[in-house]
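Novice: everything below, folded, please.
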Amino acid sequence: MTEPPRPIRILVDADACPVKAEIYRVAERYRLAVFVVSNSLIAIPRSALVERVVVEAGPDVADRWIAERAVRGDVVVTADVPLAAACVKSGAEVLGPTGRRFDADSIGMTLATRNLLEDLRAVGQVTGGPRPFGPKDRSAFLNALDTAVARLRKAGFATG
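Specialist: A predicted model of the protein is given here:
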């Protein structure tokens, strides 16, 4: 007897995530479970699909929670490059809030660049920061999330 396909889940590194509303919209459309992981209480919609996970305060506690649970068939939303690398390694689809897809081909260079910039900041070099988040980023994220769900559905994972 064949097992039913595993449902797609969305795991959100939520503390500084600017696209939670967009995630909730897509989750409702496809009937996907969403885990909103943070170090503090974050408002979530009243929905059986959305679960709030509040972890202990501390560096990388939310990241560890997500990394320990992310598997192939999940979508992870994070701007944290080391977390993205761990989730890519586990086979999950990983998206940044601007819609950038982290995958096996891109994560190594992304991690190296992040580490270089962190080292430059540590020695006092001004490296600037990310550009302001805007409407084009929201649109790109929505498009990337829809594409990731379609890719997972094509691979045999289920939506509600």
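Novice: grab the most central residue of this protein for me.
Specialist: Val77 (1.1 Å; CA atoms, centre = their mean).
Novice: skipping its backbone neighbours, what lies nearest it in space?
Specialist: Once flanking residues are discounted, Val77 sits nearest to Val12: 4.8 Å by CB to CB, 6 or more residues apart in numbering. Glycine gets a C-beta too; all of them are placed from N, C-alpha and C.
Novice: what is the burial count for the one you found?
Specialist: Using other CB atoms under 10 Å, Val12 has 27 other residues around it.
Novice: just Val53 next, same as before
Specialist: Applying other CB under 10 Å, we find 16 residues neighbouring Val53.
Novice: ok, the residue nearest to the centre of the chain - contacts?
Specialist: Neighbouring residues of Val77 by CB atoms under 8 Å, 6 or more residues apart in numbering: 10-13, 17, 19, 23, 94-97, 145.
Novice: can you list which of the residues you listed are found in helices?
Specialist: Here DSSP state H is the test, and the contacts of Val77 give 23, 145 as lying in helices.
Novice: from the contacts of Val77, pick the one nearest Asp137.
Specialist: Pro97 (6.9 Å; CB to CB).
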